[in-house]
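Enquirer: coords please:
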Amino acid sequence: MVLLGAVALFAAVSFMSVTYWYVNTTAPLVAERIGNQTGGDFVKADTYYDPVTGVNVLRIYVTGIPGEVLNLTDVLRMCNSFSKPIKLRISRVSLLQDYYPEVYIKYMAVKIAKPATATDNKVVIQNEVAVDTTTDFVTLAPSECAVFDVDIIIDAGAPLYKTLAAYQINIEKVPER
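Expert: Now for the predicted structure:
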């Protein structure tokens, strides 16, 4: 009974950042890029308020090149604005929308790159299906940021300049007591 009460208390103080990730395609670049590839070429984001659910949603658009492996660093940062440490994890990955009957997203991993303290630090989507939907928690000190990276492989036959699928990937935050 005590354990059930502790679980209920833990659930009551956690809160969720809802993110929707849209996977798009583009033509191959003429020149290869080295280092951080997120300078606006492969990742864009915007926010909106959904009056039906009452949720603020961060939409992230990840653009991949069909047939290539793309490793995007520093795609998203979630920072601790509290005066106490918080625990953070990626949780509850689910498909929002599949735009084609063909399977074009061969592999996608969203991972907590920093701090690198979690044993299980990534969620995985394989053949457009979420197969690993939750990470371990990492602890962020006040003002510390978690940095998220994305690895993606899109089928070589995917159509260019199209959105292939959309996923909801929640980021759960729990203040420490």
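
Enquirer: so what pLDDT did the nearest residue in space to residue 140 that is not next to it in sequence get?
Expert: With CB to CB, 6 or more residues apart in numbering as the criterion, residue 140 has its nearest non-adjacent residue at 4.1 Å, and that residue is residue 80. To be clear about C-beta, it is placed using only N, CA and C from the backbone, and glycine gets the same treatment. Looking at residue 80, its pLDDT stands at 89.

Enquirer: who are the contact partners of residue 80?
Expert: If you count contacts by CB atoms under 8 Å, 6 or more residues apart in numbering, residue 80 has them with 86, 88, 140-145.

Enquirer: in CSV, list those residues along with secondary structure, distance to residue 120 and neighbour count.
Expert: Supplementary listing: the contacts of residue 80 in CSV, determined by DSSP: H, G, I helix; E, B strand; the rest coil; distance: CB to CB, whole Å; neighbours: other CB atoms under 10 Å:
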residue, secondary structure, distance to residue 120, neighbour count
86, strand, 18, 23
88, strand, 13, 25
140, strand, 17, 23
141, coil, 21, 11
142, coil, 25, 12
143, coil, 25, 10
144, coil, 20, 16
145, strand, 20, 15
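
Enquirer: would you format the residues you listed as a markdown table with pLDDT included?
Expert: Conversion of these to a markdown table gives the following (pLDDT from 0 to 100):
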| residue | pLDDT |
| --- | --- |
| 86 | 91 |
| 88 | 92 |
| 140 | 93 |
| 141 | 93 |
| 142 | 92 |
| 143 | 91 |
| 144 | 93 |
| 145 | 92 |
